[in-house]
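> model this:
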Amino acid sequence: VRLVESGGGLGRPGGSLRLSCAASRYTLDHYAIAWFRQAPGKEREGVACITSTDDRTYYADSVKGRFTIGKDKAENKVFLEMNSLKAEDTGVYYCAAASYIHVSVWSNVVEYDAWGQGTQVTVSS
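Numbers count the residues shown, from 1 in each chain. Model prediction:
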């Protein structure tokens, strides 16, 4: 699966950004898709995940209530709607796909088979 992220850029504190993850030649609905982020000098961390068959969603505590992961099945994309942005949301955001994942480990990097190239998100006034 080849994944391509888009939608990053500069966001203001308290503002919003929307990221998209697209796949060529594969139906994203057949995979668990997650968003990860990596800030400079820090490890990559799981932000949100949506499962393949029943669209259950999971979030890191740091983004619960602010971020929403969802599918645009018509466009074969997974989006991450980010609201109430904070400076600590700054980082490179990656989408990742897994053929199968147990939800207890959704935020583990090693569980995912394919990754996008990442898109930079910077939150600053």
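
> Please enumerate the helices of the protein.
In the chain, no helices are defined using DSSP state H.

> give the contact list for the residue nearest in space to the middle of the chain.
Centre of the chain computed as the mean C-alpha position; nearest residue by C-alpha atoms, centre = their mean is residue 35, 2.0 Å away. Contacts for residue 35 were tallied using C-beta atoms under 8 Å, 6 or more residues apart in numbering; they are 19, 21, 46-49, 69, 78, 80, 93-96. Any C-beta I mention is one placed from the backbone N, CA and C, and that applies to glycine too.

> Most neighbours of all those, which one?
With neighbours set by other C-beta atoms under 10 Å, the maximum within the contacts of residue 35 is found at residue 95, which has 32 neighbours.

> gap between it and residue 102?
According to C-beta to C-beta, to the nearest Å, residue 95 and residue 102 sit 19 Å apart.

> per-residue pLDDT, the residue nearest to the centre of the chain?
Residue 35 carries a pLDDT value of 98.

> cool, and residue 26?
Each residue has a pLDDT score; the one for residue 26 is 83.

> That one: neighbour count?
By other C-beta under 10 Å, the residues close to residue 26 number 14.

> just residue 111 next, same as before
17.

> got a list of what the nearest residue to residue 14 once chain neighbours are set aside touches?
Counting by C-beta to C-beta, 6 or more residues apart in numbering, residue 14 lies nearest to residue 84, which is 6.0 Å off, once chain neighbours are set aside. Counting by C-beta under 8 Å, 6+ apart, residue 84 touches 14, 16, 66.

> who wins for neighbours among the residues you listed?
Using other C-beta under 10 Å as the neighbour test, the contacts of residue 84 are led by residue 66, with 15 neighbours.

> Mind putting the contacts of residue 35 into CSV with pLDDT and distance to residue 58?
Output for these, formatted as CSV (pLDDT from 0 to 100; distance: C-beta to C-beta, whole Å):
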residue, pLDDT, distance to residue 58
19, 98, 17
21, 96, 16
46, 98, 8
47, 98, 10
48, 98, 7
49, 97, 5
69, 98, 8
78, 96, 13
80, 98, 13
93, 98, 16
94, 98, 16
95, 97, 15
96, 97, 13
